[in-house]
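*Asks:* Next come a sequence and a model predicted from it.
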There are 2 protein chains.
Amino acid sequence: MSTFAPPVQRLVTELSKLPGVGNRTAQRLAFHILRASNEDALGLADAIREVKERIGLCEICFNLADEPRCRICQDERRDRGLICVVEEPGDVIPIERTHEYHGVYHVLGGALSPIDGIEPEDLKIEQLYARVTAGEPTVREVVLATNPTTTGEATALHIAGELRSRAPSLTVSRLASGLPVGADLEYADEVTLGKALTGRRSL
Amino acid sequence: MSTFAPPVQRLVTELSKLPGVGNRTAQRLAFHILRASNEDALGLADAIREVKERIGLCEICFNLADEPRCRICQDERRDRGLICVVEEPGDVIPIERTHEYHGVYHVLGGALSPIDGIEPEDLKIEQLYARVTAGEPTVREVVLATNPTTTGEATALHIAGELRSRAPSLTVSRLASGLPVGADLEYADEVTLGKALTGRRSL
């Protein structure tokens, strides 16, 4: 016999589906929710429901949006000639946080990974080519900001090759790889240090 | 300008109210919920709502219950002459997991802590005395299973004193303190080791 009443057990089961949440953490969260005020607990339930009902993908860049277009694609001050390509909607946030980027985005929805069965047609790659070749507005540069991982690199190389043949005048760039700011040479892994050397800049 | 659409920002805010969930984890969980199937995400929202609507406290022992009485108080095979006193509903689970205990429970709803303004009347202590002195069923023993912390010990001592004066024939016991099974003497703290020595048992 389970010691939990069925609704409590159900909440524990649902919570343990979240990433990084095991059975023990799920129990702790469930007891927190039971102790919390009705307002706080139902606020969370409503926020989940609202997000699933109201959030879709931007029709231009496939970032998350609660309207047909996301806030960045709606923003008139953004440079539409510069497109930054990222894997997931969550990747837009760290780039925005730098305050260094004033172009628009294109969210692929993942990275190419033939081993997991993720092929170009499973991502929003064709839609990127369409944006670039539409010519209105004219796209000058595409920054490939996929993750510096095997699948992210493969995706960047694949897209760069295609863009070069479809839009020869377009500049295609990739985020720099190198030492993170504040890092220590002594602890840098050799691949990162190799990239930092290859990509060295004259002062 | 926030990069998140308002419903996403609201979900992040609500998630970061959970214990052990900071802003970054809340973002990660929010993006997981956005990616999850509608079924999984709304399942979580419904489970939270259901638990707040259907779960109350058992009228006898103040454990969580989806009926007037909890499953343990409803269970005819439980020994009603033996009451285990715990601080929180979550404390019932580890005791049940031992399969060593066949009595019933009494959940105080916290521990005495004058510094935080938690006095005897804020806990279900008077209700425990009422259960013990009602005489039907006859209570033979009360096991004080509050946490081995300052507040838990103080609560146990307070209740033990009161029970002794109100029901002189009642046995009042406390969980043993000592070395956890599998522990190493070398790493035991001196308070625990002291308790293990004082509480030594003849073989």
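*Replies:* All right, it came through fine. Numbering: from 1, shown residues only, chains lettered A, B, ... in the order given.
*Asks:* From now on I want contacts and neighbour counts done on CA atoms only, so please keep to that.
*Replies:* OK.
*Asks:* And what about A:Gly81, helix, strand or coil?
*Replies:* Assigned by DSSP: H, G, I helix; E, B strand; the rest coil, the conformation of A:Gly81 is strand.
*Asks:* count of residues packed around it?
*Replies:* Using other CA atoms under 10 Å in any protein chain shown, A:Gly81 is surrounded by 16 other residues.
*Asks:* With A:Glu186 instead?
*Replies:* For A:Glu186, the count of nearby residues is 6 (other CA under 10 Å).
*Asks:* Return the per-residue confidence for it.
*Replies:* On pLDDT, A:Glu186 comes in at 81.
*Asks:* Please save the CA atoms from the helix or strand that contains A:Ala47 in CSV.
*Replies:* Take DSSP states H and E as the rule and A:Ala47 turns out to sit in helix A:38-54. Extracted C-alpha coordinates of helix A:38-54, given in CSV (Å, rounded to 0.1, in the frame of the first residue of the first chain):
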residue,chain,number,x,y,z
ASN,A,38,-3.4,28.2,-2.7
GLU,A,39,-2.4,31.3,-4.5
ASP,A,40,1.2,30.2,-5.1
ALA,A,41,0.3,26.6,-6.0
LEU,A,42,-2.5,27.5,-8.3
GLY,A,43,-0.3,30.3,-9.8
LEU,A,44,2.2,27.7,-10.9
ALA,A,45,-0.6,25.4,-12.3
ASP,A,46,-2.1,28.3,-14.2
ALA,A,47,1.3,29.5,-15.5
ILE,A,48,2.0,26.0,-17.0
ARG,A,49,-1.5,25.9,-18.6
GLU,A,50,-1.1,29.4,-20.0
VAL,A,51,2.3,28.8,-21.4
LYS,A,52,1.1,25.7,-23.3
GLU,A,53,-2.0,27.4,-24.5
ARG,A,54,-0.6,30.8,-25.5
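*Asks:* does that helix come close to chain B?
*Replies:* Yes - on the criterion CA under 8 Å from any CA of the partner chain, helix A:38-54 is in touch with chain B at A:38, A:40-52, A:54.
*Asks:* residue in chain A nearest to chain B?
*Replies:* Nearest to chain B, among the residues of chain A, is A:Ala45, at 4.2 Å (CA to the nearest CA).
*Asks:* these two touch, right, that residue and B:Ile48?
*Replies:* Yes - applying CA atoms under 8 Å, one finds A:Ala45 in contact with B:Ile48, separated by 6.0 Å.
*Asks:* residue nearest the centroid of chain A?
*Replies:* When CA atoms, centre = their mean is applied to chain A, the residue found nearest the centroid is A:Glu88 (2.2 Å).
*Asks:* Now do the same contact list for that one.
*Replies:* By CA atoms under 8 Å, 6 or more residues apart in numbering or on different chains, the residues touching A:Glu88 are A:Asn63, A:Val107, A:Leu108, A:Gly109, A:Gly110.
*Asks:* Let's see that with 10 Å instead.
*Replies:* For A:Glu88, the contacting residues are A:Phe62, A:Asn63, A:Leu64, A:His106, A:Val107, A:Leu108, A:Gly109, A:Gly110, A:Ala111, A:Thr146, A:Asn147, B:Phe31, by CA atoms under 10 Å, 6 or more residues apart in numbering or on different chains.
*Asks:* Tell me the secondary structure at the last one.
*Replies:* B:Phe31 carries the three-state label helix when classified by three-state DSSP.
*Asks:* Would you enumerate the residues in contact with it?
*Replies:* Shown in contact with B:Phe31 (CA under 10 Å, 6+ apart): A:Leu64, A:Glu88, A:Pro89, A:Gly90, B:Val8, B:Leu11, B:Val12, B:Thr25.
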